[in-house]
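> using only what follows, build the 3D model:
(chains A and B)
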Amino acid sequence: MNSQKKFIVSHAPFLHNGSGVAERNYHTIIALIPAVLMGLSVFGVPALGVLCLSVSSAIIWELLFNLAAKRSITVGDGHAVTLGLVLGMLLPATAPFWVVITGTFLAIVIGKQIFGGIGANPFCPPALAYAILYISWKTYLDFDAQLINFDFDFTAIYLPVAIKAFGTEALANINLGDLIIGRQIGGVGATSGLALIIGGAYLILRGFKRWEVPVAFIVGLVVTATFFHMADPDKYAGPFIHLFTGFSLIGAFFLATDDSASPVNPAAMIIYGATGGVMTILIRNIGQYPDGVIFAILLINLINPLVDKIRPKAIGKVA
Amino acid sequence: MPSKSFFGYAKPAFHYELLSTTLPQPVPVPPAGSVTLLLPQEMGMKPSETIKVGAKVKTGQRLAWNDASGPSVVASITGTITKIAAYVGDYGQQYTAITVVGEGEEQWDDQFAKAAASTPSAKVLNDYLSAAPGGAPLEKLLNENKPIDTVIIYGGDTDLLVETNLFALKSQTRLVNQGIKTIKAATGIEKVVLAVPAESFQNFDGHFEADVKSVPATYPGAQLLMIHHLMTGQMLAQGQTPEDVGVLYMRAEAVAAIGSAVSEGRIPVDKVLTVVDKQGNRTLVSARIGTPVGDVLKRLKITTTGGDRIISGGPMTGSAIYSEDQPVTPITDAVMVQDGSDIIPVGEDPCINCGECIRICPTKVPVNLLIRFLEAGQYQDGADLYDLYSCVECGLCSFVCVSRIPILQYIKLAKYELARAIPAEDENE
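Sure thing, here's the model as predicted:
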């Protein structure tokens, strides 16, 4: 049974739907582009600088770690680019270069690679990196302080901070339409709720992300904020203000849905997302930090292995 | 070739072939110059005179290693045995490959006709017909330790693109019924169930001496383990076989072969198979068992080059073969040829926990967790904690895997290793 032709021999199945890790990451990047463009239109060239530096330094950290760990080079799969881009979108447009580079180091090396690389990170890497940066160098991530020299044609206050300090009086000159389009200050790519929703909807329709996590996150956030607003309308802002300020939507669509740090079973995804939304409002309204999204997401990442045990029973299983 | 739809949110649904239009006529492949018969038994000492190199065989002659009742094959052409060699199949299964070179006029052997002259017993059926097309596991009817009380016959195909078995049922309805009668008479088993694809149910209900039941026509509804779950409400536990619960599975093709053998006094030696070419076009072909796959492809003018993949069986559960010289066996339902450029190789990435496998799994196995244990070789933990034995081996998880992990291979390897470990434990006791 010898043959000159060398056929490919492999195990069944012999068909594949063609999906791949790189494809998945590149589509995530495509989905982020509307929000990036809206951010650039508001913050201009400094924002472009932050994004370019964060993407390029993320790629370099990934490459350096690949070389140091003697692993195959995984820069091409687009995951480092995605993480770098998302982190850049959370930062203020004037973030110093070393904050950006440290941030991508935290995201790529601390957040992802030391746990074993793609698929093994227990926390959403950009959220983890942002949390460490925020705790370490608070002033550099303070949007009000960082964006003070910009000349905006809208009311330039960072609303989560303002609401915490002054209650709903801070909303006197704010109109919701501006917030939805992205005429507010905040992270480079986190201001335009509309663009983020378009990007998130794209990913959900194309099957790259599931609807359960973002929808549950948003519902949890809106419901909790509504209760607070009903209890004390002067102190606590309404649900839609919360939804379109801070990191709510980028968190719901792009941070909470991190593949390896989020659950995969339907019930677990709902619980995970809803807990994130509820915790966001609790931290914003009762906690110390003005924007609770990042910490809420790290918290739900932490409960992910536990809630993911809520899974349907496999057929034929007795116990 | 199915691929991900643009709106990837929707779950893909695959349908089995249903042969709903007129029945095709199989293209005959002329008897080859030589055939290779795979005897499912390790080469032992002292072969019987009938299977020594140089021995003459007649078409339809039973060939067994020795005179004791055991596995056998049926010579599919008249000629001389030229070579007997050991052959190892998938998962280390041992075979003896017997090569017969055809010569002279075709002569039919009459041993079976004599043995089956009156109502054939289960032993006669096993001796002569376990290597007939469809490969009925008839030896299980003889095992006194595990008596069979239910025979379940499946009349559809278990893999996508394949239409062999349903063709056998639709074109040989009378012979299938004859086969059912023969099995009932030989074994005394009263409960025979004929499972058919749901769409064909109306056509078959009431026409057989068996309970006709319907099985979903979407993949993997007809996987053997899915049918087992549908019929018995249970899955097979670790180390359990269908015989342990008194069930024997047969395919309609095998039952038709029994019916044909009994009514004509000759063991059928022609195997119908579906050939899928590189463009995905399907042709039904009828070839002698043991014909090299290359001869079948040549008859259909399908050319292959290095780097292509030839699959014996269907696209989801078949097995790739490494040479065109490998033979058509009694259970080769399909031969599929894939062009090298259409092959998506296995990937290097680890599991990214995207959850695609969870959502497509028909039996709700936590594949994402299971695969982590299996990759680390912790098979028993996979079985105890993460439902390894709920898997029906349909391969859909590998089909959608974003990291292109060969999940089905890991699962089958785990089951194979665990099955191997059990006899070793029994010996130690």
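> I'd like to know how far the nearest residue to B:Glu17 once chain neighbours are set aside sits from chain A.
In this structure, B:Glu17 finds its nearest non-sequential neighbour in B:Glu163, 4.2 Å apart by C-beta to C-beta, 6 or more residues apart in numbering or on different chains. C-beta coordinates here come from the backbone N, C-alpha and C atoms, glycine included. Applying C-beta to the nearest C-beta, to the nearest Å, the value for B:Glu163 to chain A is 17 Å.
> hang on, B:Glu163 packs against B:Asp157?
Yes - under the criterion of C-beta atoms under 8 Å, B:Glu163 makes contact with B:Asp157 at 6.2 Å.
> and the helices in chain A?
A:21-43, A:45-68, A:79-90, A:97-105, A:125-136, A:143-146, A:159-166, A:176-181, A:193-205, A:212-231, A:239-243, A:248-250, A:266-285, A:293-307 (DSSP state H).
> the longest one - contacts with which helices or strands?
This points to helix A:45-68. Using 3 or more C-beta pairs under 8 Å, 6 or more residues apart in numbering or on different chains; DSSP states H and E, the elements in contact with helix A:45-68 are helix A:21-43, helix A:79-90, helix A:97-105.
> the third one now?
For helix A:79-90, the contact count by 3+ C-beta pairs under 8 Å, 6+ apart identifies helix A:21-43, helix A:45-68, helix A:97-105, helix A:125-136, helix A:248-250 as packing neighbours.
> if we can go back for a sec, adding mean pLDDT and mean neighbour count, write the helices of chain A out as TSV.
Converted to TSV, those look like this (pLDDT from 0 to 100; neighbours: other C-beta atoms under 10 Å in any protein chain shown):
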stretch	mean pLDDT	mean neighbour count
helix A:21-43	95	20
helix A:45-68	96	20
helix A:79-90	97	28
helix A:97-105	97	20
helix A:125-136	96	23
helix A:143-146	89	18
helix A:159-166	89	19
helix A:176-181	91	16
helix A:193-205	95	21
helix A:212-231	96	20
helix A:239-243	94	22
helix A:248-250	96	28
helix A:266-285	96	23
helix A:293-307	96	22
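> B:Gly280 is nearest to which of these?
Ranking the helices of chain A by proximity to B:Gly280 (C-beta to C-beta) places helix A:21-43 first, at 23.2 Å.
> and the angle for that closest one with helix A:79-90?
Orientation of helix A:21-43 against helix A:79-90 (axes from the mean of the first three to the mean of the last three C-alpha atoms, to 10 degrees) gives an angle of 20 degrees.
> let me know whether helix A:21-43 sits next to chain B.
Yes - between helix A:21-43 and chain B, judged by C-beta under 8 Å from any C-beta of the partner chain, the touching residues are A:21, A:24.
> phi and psi next, for the residue nearest the centre of chain B.
What sits nearest the mean C-alpha location of chain B, by C-alpha atoms, centre = their mean, is B:Ile331, with 4.2 Å. Dihedral pair for B:Ile331: phi -110, psi 10, per degrees, to the nearest 10.
> how close does the residue in the stretch 51-200 of chain A positioned nearest to chain B sit to B:Gly347?
Nearest residue of the stretch 51-200 of chain A to chain B: A:Gly119, at 4.0 Å (C-beta to the nearest C-beta). Distance of A:Gly119 to B:Gly347, given as C-beta to C-beta, to the nearest Å: 12 Å.
> cool, and A:Leu205?
Using C-beta to C-beta, we find A:Leu205 at a distance of 25 Å from B:Gly347.
> return the residues in contact with the closest residue to B:Leu418 other than its chain neighbours.
For B:Leu418, ignoring the flanking residues on the chain, the nearest one in space by C-beta to C-beta, 6+ apart is B:Tyr379 at 5.3 Å. The contact partners of B:Tyr379, by C-beta atoms under 8 Å, 6 or more residues apart in numbering or on different chains, come to B:373, B:388, B:414, B:417-418.
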